[in-house]
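K.L.:
Generate coordinates for the sequence data below:
(one chain, ligands or ions: 1)
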Amino acid sequence: MANYLDISHVSMEFPTKNGPFKALDKVNLKIERGEFISLIGHSGCGKSTVLNIVAGLHQATEGAIILEGKEVNQPGPDRAVVFQNHSLFPWLTVYENVEIAVKQIFKGKKSRAEIKQWVEHNLQLVHMSHALHKYPAEISGGMKQRVGIARALAMEPKVLLMDEPFGALDALTRAHLQDSLMEIQAELNNTVILITHDVDEAVLLSDRIVMMSNGPAATIGEVLHIDLPRPRDRLVLADSPEYNHYRAEVLTFLHQKQAKPDVPMTNKGQQSAPENAQGAPVKKPPELKQVVGG
Ligand SMILES: Nc1ncnc2c1ncn2[C@@H]1O[C@H](COP(=O)(O)OP(=O)(O)OP(=O)(O)O)[C@@H](O)[C@H]1O
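P.N.:
Alright, predicted model coming up:
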């Protein structure tokens, strides 16, 4: 079905002590059911703001979010969010962290046995069945992120919103989670908006990559359709001319069309990270956020 989710003429102005700051200007994006969309752009361009508006956490100054024909302007279980820093309750086990969301959503609709089965099924999807009774402090960062994804999936949201869900993970764990996400996507066909700074991640996972211009008053610069057959295998794709063409298109957008000065500062006062030879951000202290580059 076309236009499952419509981000329609969305502008956002934040009040600041120096007067209003226009972060977004007329962002327009129509997303089909089951589409996997990545949002990419330089640090501070407004990706999280777009996601937070879709999630209902921010109110757009202008425009609207229409989901299945209805305007949404507050948070709801139809839009589950997975953040970069897993948000598990430390006093609950892996199982209980998912169960709490499932009980909230399916109260009165699923029996106790069905709830148990559903929680276990979703944890199985993210390969966490072996750790049901562990506490967050007893599992790795990658595992916590898996649990966060299971919790979001278990809510059966209409749209899954992911804000750099793998940003804090090492490259190998990140690759495993990307593969898991592709498997899950093949099975469930979720509608997903993913924010990422990782060009390879965007090309590997997406049906479309939405590239945002630099702020202030950021908007959608270009949209790239990724017409690679699924299932996608990162090793096969590494040698694929099509894959490398898409990758080059995104890099050209970011580093030529929307190039930033050598040492960019966002208006959050954060300095960008240096990149390695592949254009991936180099690991840096946790207080600095990773960026695509400058
Ligand atoms: N509550 C706020 N008040 C004032 N300005 C804000 C607020 N939230 C975000 N901004 C500004 O809006 C712009 C977009 O921020 P946003 O966090 O959406 O960018 P981003 O692309 O997600 O950045 P990053 O990639 O670094 O996470 C930035 O200039 C930011 O400083």
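
K.L.:
Residue 228 - how many residues pack around it?
P.N.:
Neighbourhood size, residue 228 [other Cβ atoms under 10 Å]: 16. Every C-beta, even on glycine, is put in place using the N, C-alpha and C of the backbone.

K.L.:
For it, which three-state class applies?
P.N.:
coil (DSSP: H, G, I helix; E, B strand; the rest coil).

K.L.:
Distance-wise, check it relative to residue 203.
P.N.:
8 Å (Cβ to Cβ, to the nearest Å).

K.L.:
Determine the residues that are contacts of both of these two.
P.N.:
237, 243, 246 (Cβ atoms under 8 Å, 6 or more residues apart in numbering).

K.L.:
any idea which of those is closest to the ligand?
P.N.:
Proximity of the shared contacts of residue 228 and residue 203 to the ligand (Cβ to the nearest ligand atom) peaks at residue 246, which lies at 20.8 Å.

K.L.:
check which helix or strand covers residue 81.
P.N.:
Assessed by DSSP states H and E, residue 81 sits inside strand 79-82.

K.L.:
now that strand: mean pLDDT?
P.N.:
Strand 79-82 shows a mean pLDDT of 93.

K.L.:
Which neighbouring elements make contact with it?
P.N.:
helix 47-55, helix 141-154, strand 159-163 (3 or more Cβ pairs under 8 Å, 6 or more residues apart in numbering; DSSP states H and E).

K.L.:
close to the ligand, is that strand?
P.N.:
No: contact of strand 79-82 with the ligand (Cβ under 6 Å from any ligand atom) is absent, the minimum separation being 13.3 Å.

K.L.:
so what does the lengthiest helix in the chain touch, helix or strand wise?
P.N.:
Criterion DSSP state H: the longest helix present in the chain is helix 171-188. Counting contacts by 3+ Cβ pairs under 8 Å, 6+ apart, helix 171-188 packs against helix 112-125, helix 141-154, helix 199-205, helix 234-237.

K.L.:
Name the next helix or strand following it along the chain.
P.N.:
strand 191-195.

K.L.:
Now find how far off-centre that next one is within its chain.
P.N.:
Distance of strand 191-195 from its chain centroid, counting by Cα atoms, centre = their mean, to the nearest Å, is 5 Å.
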